[in-house]
Each structure stands twice: as structure tokens, then as C-alpha cells.
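1. Model the structure of this input:
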Amino acid sequence: MAIVTSKVTVTTTSQSIVSVDNVSRDVRLHAKHECHVGNSGVTAANGYLLDNGDQIQLTLAEGEDLWAIATTGTGSLSVLVSKID
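-> So this is what the prediction gives:
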């Protein structure tokens with residue numbers, strides 16, 4: 001099982017935070033700013049809201065990716081990805 005961590009700067013332009021892969025992955029996120037996560041079409045209006053300090057864990061299936069956008073301004077999102085072999 002491979003574990004990858006990163007700290008992503010999130011702005012008001014949506015961006016990929018976990019790329020597509022050919023295996024399932026467990027993903028943990030810790031927001032340090034109000035932001036929204038979802039698919040490549042994520043916006044502040046349709047994304048899943050993470051308030052400052054929120055943490056979430058989810059599983060991405062093979063072929064899925066994850067995107068994020070800040071509600072306003074710029075913040076950071078800590079990302080931990082664990083590949084499920």
C-alpha cells in the first residue's frame with residue numbers, strides 16, 4: 001500500500017487535487033480554509049462544503065479523480081492518499 005501526502009493551495013479556480021488512477025484509493029482531507037470538493041465541474045455552489053478545520057475521509061474508485069475550489073480567497077488543503085492494492 002502506497003501513501004502519498006501533499007498540501008494543496010486552493011483558490012477560486014477549481015483544480016485537481018487527486019488524479020485519476022487505475023486502482024481504488026482512500027483519501028483523507030483536512031481543510032485550512034472554507035472550500036468545496038467534487039468532480040471536475042466543482043463550484044462553490046455545487047461542491048461538498050469543507051469549513052476551516054473540517055476533515056473528511058472518502059474512497060475513490062478506479063478511474064475517479066477529486067477536485068477542489070475555495071469559496072473565497074486562497075487557502076490550503078492537506079491531502080493523504082492511500083492506494084488500495
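2. Could you report the neighbour count for residue 17?
-> 21 (other CB atoms under 10 Å). C-beta: built from backbone N, CA, C; applies to glycine.
3. Tell me which strands the helix or strand that contains it pairs with, and in which orientation.
-> Counting by DSSP states H and E, the element that carries residue 17 is strand 15-18. Strand 15-18 pairs in its sheet with strand 66-70 (antiparallel), by DSSP bridges.
4. Enumerate every residue touching residue 82.
-> Residue 82 sits next to 1-3, 25-27 when contact means CB atoms under 8 Å, 6 or more residues apart in numbering.
5. Please report how far the residue lying closest to residue 31 once chain neighbours are set aside lies from residue 56.
-> Nearest residue to residue 31 in three dimensions, chain neighbours excluded: residue 50, at 3.9 Å (CB to CB, 6 or more residues apart in numbering). Noted for residue 50: a distance of 6 Å to residue 56, by CB to CB, to the nearest Å.
6. Between the two, which is the more surrounded one?
-> Neighbour count, other CB under 10 Å: between residue 50 and residue 56, residue 50 has more, with 23 against 12.
7. Please enumerate the strands of the chain.
-> 3-10, 15-18, 24-31, 35-38, 48-50, 55-60, 66-70, 75-84 (DSSP state E).
8. what residues are shared contacts of residue 50 and residue 56?
-> In contact with both residue 50 and residue 56: 29, 37, using CB under 8 Å, 6+ apart.
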